[in-house]
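Peer 1: this is a predicted model, with the sequence first.
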Amino acid sequence: MQPPTDYFSLVESYDEHHSIFSRLDAATKEEASKQLFALATRLLQRDTATRETFEKIAVWHADKFYRLVNQLDILDGSSLLFLRSVGAAFDGIAKARGTSVAYLVDNQVPPDRLLGVRAAFWALGFVVASPELFVGTLLEATPGASPESVFVEAISLAMQQAQSAVAERKHVLWVSGGADLRALQYVADMMADAPFVGAFRNDVPEDGTNVHVFRSGGRSEPLAT
């Protein structure tokens, strides 16, 4: 494997790192994780010298991993090790820059895939807020209810989770295919007075598709539909 020359190429080397991690024993994996964290930190420190370069990488970081997770057939321990190592490096740089990331996604995600997205972004250090993740719990607590009948409450719970994350300056991923634009705009408006960079996706999670930056340089704009 060629040594990564920048943060972009480091993340793009996921497959190679996953293959290497999969062959290591537990103790060696731990050391490899530390080395990956150190490398990611060095590259990010070099590649985010200005606010503009940091925000560019922050948007790419969130969107790239969302696309990557949606392309994976398997999310295993080696996957999560890579995500935790790189995510911890990014989080350290973000804290040093005094900025967090909000990534809002308007996609209908199958339940099993959504669980994988949650696991992956938790490993990256994001709070994952999704109404769809609350539906099952609400149905268990409300015998005879339908998914449609509890969805408004699920949106409210996910909004509360996102609001807490913003208040604590944590990175946040909002993902839902059922919430309307008003709910998405409400979540985006949570960042109005907070040090966040924000990105919005309502295109399919494939390489070469579009993501909209709705907050940068401390300024917000309405979400694009």
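Peer 2: Done, it's in.
Peer 1: quick check, pLDDT for the residue in the chain sticking out farthest from the centre.
Peer 2: Centroid-distance maximum for the chain: G144 at 34.0 Å, with CA atoms, centre = their mean. Turning to G144, the model gives it a pLDDT of 87.
Peer 1: what number of residues lie near V213?
Peer 2: By other CB atoms under 10 Å, 17 other residues sit near V213. In this view, the C-beta of every residue, glycine as well, is placed from N, C-alpha and C.
Peer 1: apologies, that question was intended for A94.
Peer 2: In terms of burial, A94 registers 23 neighbours under the definition other CB under 10 Å.
Peer 1: by mean pLDDT, which helix or strand of the chain comes out lowest?
Peer 2: Least confident element among the helices and strands of the chain, by mean pLDDT, DSSP states H and E: strand 219-220 (a mean of 86).
Peer 1: show me what that one packs onto, helices and strands only.
Peer 2: On a contact count with 3 or more CB pairs under 8 Å, 6 or more residues apart in numbering; DSSP states H and E, strand 219-220 meets no helix or strand.
Peer 1: ok, which stretches of the chain are helices?
Peer 2: Chain-ordered helices for the chain, with DSSP state H as the definition, fall at 7-12, 14-22, 26-47, 51-71, 77-97, 111-124, 131-141, 147-167, 181-189.
Peer 1: nearest to G218, of those?
Peer 2: Ranking these by proximity to G218 (CB to CB) places helix 51-71 first, at 9.0 Å.
Peer 1: state the mean pLDDT of the closest one.
Peer 2: Helix 51-71 comes out with an average pLDDT of 97.
Peer 1: and if you look at stretch 19-33?
Peer 2: Mean pLDDT, stretch 19-33: 95.
Peer 1: quick check: buried residues in it?
Peer 2: Neighbour-count burial for stretch 19-33 flags 20-21, 29, 32-33 (criterion: 16 or more other CB atoms under 10 Å).
Peer 1: list of residues touching that stretch?
Peer 2: Contacts of stretch 19-33 from elsewhere in the structure, counted by CB atoms under 8 Å, 6 or more residues apart in numbering, are 1, 76, 78, 81-82, 84-85.
Peer 1: weed out the non-buried ones from those.
Peer 2: Members of these that pass the buried threshold by neighbour count (16+ other CB under 10 Å) are listed as 78, 81-82, 84-85.
Peer 1: got those as CSV, with distance to A179 columns?
Peer 2: Supplementary listing: these in CSV, determined by distance: CB to CB, whole Å:
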residue, distance to A179
S78, 33
L81, 32
F82, 30
R84, 29
S85, 32
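Peer 1: rebuild these as a markdown table, extending it with distance to A120 and pLDDT.
Peer 2: Compiled in a markdown table, these are given as follows (distance: CB to CB, whole Å; pLDDT from 0 to 100):
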| residue | distance to A120 | pLDDT |
| --- | --- | --- |
| S78 | 13 | 97 |
| L81 | 12 | 97 |
| F82 | 10 | 98 |
| R84 | 10 | 98 |
| S85 | 13 | 98 |
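Peer 1: and those residues, which is closest to N107?
Peer 2: Distance ranking of the buried ones among the contacts of stretch 19-33 against N107, using CB to CB, places F82 first at 22.9 Å.
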